[in-house]
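Asks: model this:
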Amino acid sequence: MDRIHLVILILAGLFLLARSDAARILHFNITPTLLMENDTFNISCNLQANPPPTWSIRNRDTGLVFMSAYGQGADALLTSPPALCEYTGYWECTGYNNLSEHGNVTQGNDVTILCSPRPVYQGNNFTVKSEVGQAAYLVMHLISHPVSTYRWSRDDGSNFTDDVIQHDYDNKTILEFPSVSIYDFGVYTLTMTNIYGSYTSKYQLTATGKPEPPTDVKYRDVTEHDVTLSWTPGYDMGSKQYFLVMMFMNETKLYLQISSEIYCPYKNLQPNQTCTHTQENLNGNSHYNLKIAAKNDYRYVSFSNESVEFTTKVHPTKPDSNYLREVIIGITIGGICFVCIVAAIVFFQKKRRLSSYISIAS
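Replies: Next comes the predicted model:
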């Protein structure tokens, strides 16, 4: 009996083995493959295998899955939801079982959804920070069918600087700044257009890093204890800036801050702006070498290339009290003597006139 059971099991195994089959697609179709947004499309797929396969119907480009199963054959007919522009891509029916020596079996086709342009937000950054001299990029990843035209512009109406480059692709446009200048900072607008509509996005290219060094540093009105300084503020790199008076120290060969933070009202990139500050508490009859430093809220500091040098006035000395007393006594005695001399002259003149008068009368 045991031999009979063994023979039956062997025959059953051979029968099952004879019927085993790797995954294969008997039928696949997508219609239509070109449609308007919000229309629908149909996908049919018959994928069979023994043992039963693992399979899915998906968009290979985006990873969107419409249907999937494990351990059973596929004989599916699907109607899509109202199509979104993001459904564009390669749609496929794909599957395998443990006899699929070469991986998945797959059949598919491209589907295009006609639509107006719109961003693919995951890949976009609408605020970009950069330092002067560095490269910066304003990038738009988008979807659009058919391909859009792209127009970049500045919101202040000014032209791009000469080295700005625009790169356009089917699903991306880039505004490249190879070396950012202070004139590149600002707000930019991108308009994307095809026959089904347009889309507008705003970008902000903002500054970071050190403020520009102050320029045109001058001094005037030097006294024994203070001096008036003036300078032209530079670009603040997008963060309110303050100014510091720095004094050169001969001992350390470094500049040391001698003022508190000085705020000067200014407007970036406006000509003929001047800041002034009176630096007090200086020593009389002393030589000074001063610079102006700019510091913004990023805590970056830039020194003026220029310095000013001057010597404060001599402090007047108070006269000695004994000397002053002697001067007063001398002036008093001199005054008395002068009065006496004048009185004597008057007396002798009167006496002479009297004598002359007596002589004439005789």
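
Asks: right, and residue 205 touches residue 130 too?
Replies: Yes. Contact criterion CB atoms under 8 Å: residue 205 and residue 130 qualify, at 6.6 Å. Any C-beta I mention is one placed from the backbone N, CA and C, and that applies to glycine too.

Asks: tell me, what's touching those two both at once?
Replies: 136, 177, 180 (CB atoms under 8 Å, 6 or more residues apart in numbering).

Asks: please narrow the residues you listed to those residing in strands.
Replies: Among the shared contacts of residue 205 and residue 130, the ones falling in strands (DSSP state E) are 136, 177.

Asks: can you name the residues bridging to the closest residue to residue 20 other than its chain neighbours?
Replies: Nearest residue to residue 20, sequence neighbours excluded (CB to CB, 6 or more residues apart in numbering): residue 50, at 5.2 Å. Counting by DSSP bridges, residue 50 is bridged to residue 21.

Asks: next one: the one 4 residues further on
Replies: Judged by DSSP bridges, the bridge partners of residue 54 are residue 70, residue 96.

Asks: what's it in contact with, if anything?
Replies: Neighbouring residues of residue 54 by CB under 8 Å, 6+ apart: 68, 69, 70, 71, 95, 96, 97.

Asks: now what about stretch 176-185, what contacts it?
Replies: Contacting residues not belonging to stretch 176-185 are listed as 130-137, 158, 161, 163-167, 205-207, 212, 235, 238, 268-269 [CB under 8 Å, 6+ apart].

Asks: can you give me the end-to-end span of it?
Replies: The stretch stretch 176-185 measures 13 Å between its terminal residues, going by CA to CA, to the nearest Å.

Asks: neighbours of the closest residue to residue 147 other than its chain neighbours, how many?
Replies: Counting by CB to CB, 6+ apart, the nearest residue to residue 147 once its immediate chain neighbours are dropped is residue 170, at 5.0 Å. Residue 170: 12 surrounding residues under other CB atoms under 10 Å.

Asks: right, and residue 170 touches residue 149 too?
Replies: No. Using CB under 8 Å, residue 170 makes no contact with residue 149, being 11.7 Å away.

Asks: what's the nearest residue to residue 300 once chain neighbours are set aside in contact with, if anything?
Replies: Among residues not flanking residue 300 along the chain, residue 210 sits closest, at 4.1 Å (CB to CB, 6+ apart). Counting by CB under 8 Å, 6+ apart, residue 210 touches 131, 237, 296, 300, 301, 302.

Asks: one more: residue 164?
Replies: So residue 164 contacts 175, 176, 177, 184 (CB under 8 Å, 6+ apart).

Asks: and the helices in the stretch 201-350 of the chain, which stretches?
Replies: Secondary structure of the stretch 201-350 of the chain (DSSP state H, counting those that start in this stretch): helices at 321-361.

Asks: where along it do the strands fall?
Replies: Ranges of strands in the stretch 201-350 of the chain, per DSSP state E, counting those that start in this stretch, are 215-220, 227-232, 241-249, 254-257, 275-279, 287-296, 301-303, 308-311.

Asks: circling back to that earlier point, JSON lines for the shared contacts of residue 205 and residue 130, including pLDDT?
Replies: Shown next, in JSON lines, are the shared contacts of residue 205 and residue 130 (pLDDT from 0 to 100):
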{"residue": "136", "pLDDT": "97"}
{"residue": "177", "pLDDT": "97"}
{"residue": "180", "pLDDT": "94"}
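
Asks: which of the shared contacts of residue 205 and residue 130 are buried, as a ChimeraX select command?
Replies: To isolate the buried ones among these in ChimeraX, judged by 16 or more other CB atoms under 10 Å, type:
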select :136,177,180
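
Asks: let me have the shared contacts of residue 205 and residue 130 in TSV, extended by distance to residue 24.
Replies: Below are these laid out as TSV (distance: CB to CB, whole Å):
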residue	distance to residue 24
136	53
177	54
180	58
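
Asks: farthest-separated two in the contacts of residue 210?
Replies: 131 and 301 (14.6 Å; CB to CB).

Asks: between the two, which one's more packed in?
Replies: residue 301 (17 against 13).

Asks: quick one: the residue found closest to the more buried one once you drop the neighbours it is linked to in the chain from residue 20, how far?
Replies: Of all residues not flanking residue 301 in the chain, residue 295 sits nearest, at 4.7 Å (CB to CB, 6+ apart). Going from residue 295 to residue 20 by CB to CB, to the nearest Å gives 78 Å.

Asks: cool, and residue 165?
Replies: From residue 165 to residue 20 the distance is 60 Å (CB to CB).

Asks: and stretch 60-69, how far apart are its ends?
Replies: Length of stretch 60-69, first residue to last, CA to CA: 17 Å.

Asks: what mean pLDDT does that stretch have?
Replies: In this model, stretch 60-69 has a mean pLDDT of 88.

Asks: if you count neighbours, what's buried in that stretch?
Replies: Buried-residue list, stretch 60-69, by 16+ other CB under 10 Å: 66, 69.

Asks: break the chain into its domains for me.
Replies: Structural domains assigned to the chain are 21-117, 120-207, 215-311, following automatic domain parsing.

Asks: among the ones you listed, which is nearest residue 328?
Replies: Using CB to CB, the domains of the chain put domain 215-311 closest to residue 328, at 27.7 Å.

Asks: what's the single longest strand in the chain?
Replies: Longest strand in the chain by number of residues, with DSSP E as the criterion: strand 105-119.

Asks: next one: it to chain centre, how far?
Replies: Taking CA atoms, centre = their mean, to the nearest Å, one finds the center of strand 105-119 at 37 Å from the center of the full chain.

Asks: give the buried residues for it.
Replies: Buried residues in strand 105-119, counted by 16+ other CB under 10 Å: 105, 106, 108, 111, 112, 113, 114, 115, 116, 117, 118, 119.
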